[in-house]
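Asks: Sharing a sequence plus its predicted fold:
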Amino acid sequence: MNTPTREKFSSQAAPEVLAALRRIAEAEGRQFQAVLDEALRDYIDRHQNERPRRHAMAAFASSVQEFDSLYRELAK
């Protein structure tokens, strides 16, 4: 079995974030390191693959500006 290369690093996180990751790891019977790695990969994927394109955001902003009163009525 080929073990992936790992690189050590040092950082800090809010205690509640680390506690939540530890609870998830324990509940799933996984190592903390594996859960942390998965969380980092998910974060990277979300930021690399799910950014709205500029023209889509510009069209959205234009729509909100044009139909703001309608959207407010529909939200009631």
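Replies: Sure thing, it's come through. Numbering: from 1, shown residues only.

Asks: What average pLDDT does the host helix or strand of Leu74 get?
Replies: Leu74 is located in helix 54-75, with elements delineated by DSSP states H and E. Model confidence over helix 54-75 averages 87 on the pLDDT scale.

Asks: What is the burial count for the residue nearest to Glu28 when sequence neighbours are not counted?
Replies: Closest residue to Glu28 in three dimensions, ignoring its sequence neighbours and counting by CB to CB, 6 or more residues apart in numbering: Val35, at 7.3 Å. From N, CA and C alone the C-beta is placed, and that goes for glycine too. Val35: 19 surrounding residues under other CB atoms under 10 Å.

Asks: list the contacts for Val35?
Replies: Contact analysis of Val35 by CB atoms under 8 Å, 6 or more residues apart in numbering lists Leu21, Ile24, Ala25, Glu28.

Asks: Distance of the first one relative to Ala56?
Replies: Relative to Ala56, Leu21 is positioned 33 Å away (CB to CB, to the nearest Å).

Asks: quick one, which of those two is more surrounded?
Replies: When neighbours are counted by other CB under 10 Å, Leu21 comes out ahead of the other of Leu21 and Ala56, with 17 against 10.

Asks: can you tell me how far Ser10 sits from Leu74?
Replies: Ser10 sits at a distance of 50 Å from Leu74 (criterion: CB to CB).

Asks: element containing the one residue sitting closest to the centre of the chain?
Replies: Closest residue to the average C-alpha location of the chain: Tyr43 at 4.2 Å, with CA atoms, centre = their mean. Secondary structure here is read from DSSP H and E; on that basis Tyr43 sits in helix 32-49.

Asks: quick one: buried residues of that helix?
Replies: By neighbour count on 16 or more other CB atoms under 10 Å, the buried set for helix 32-49 is Val35, Leu36.

Asks: Dump the C-alpha coordinates for that helix into CSV.
Replies: Coordinates of the C-alpha atoms in helix 32-49 are reproduced here as CSV (Å, rounded to 0.1, in the frame of the first residue of the first chain):
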residue,chain,number,x,y,z
PHE,A,32,-8.2,13.7,13.4
GLN,A,33,-5.6,14.3,10.7
ALA,A,34,-7.8,12.6,8.1
VAL,A,35,-10.8,14.7,9.0
LEU,A,36,-8.8,17.9,9.0
ASP,A,37,-7.3,17.0,5.5
GLU,A,38,-10.9,16.4,4.2
ALA,A,39,-12.1,19.7,5.6
LEU,A,40,-9.2,21.6,4.0
ARG,A,41,-9.8,19.8,0.6
ASP,A,42,-13.5,20.7,0.8
TYR,A,43,-12.6,24.3,1.5
ILE,A,44,-10.2,24.4,-1.5
ASP,A,45,-12.7,22.8,-3.8
ARG,A,46,-15.5,25.2,-2.8
HIS,A,47,-13.2,28.2,-3.5
GLN,A,48,-11.8,26.9,-6.7
ASN,A,49,-14.8,25.4,-8.3
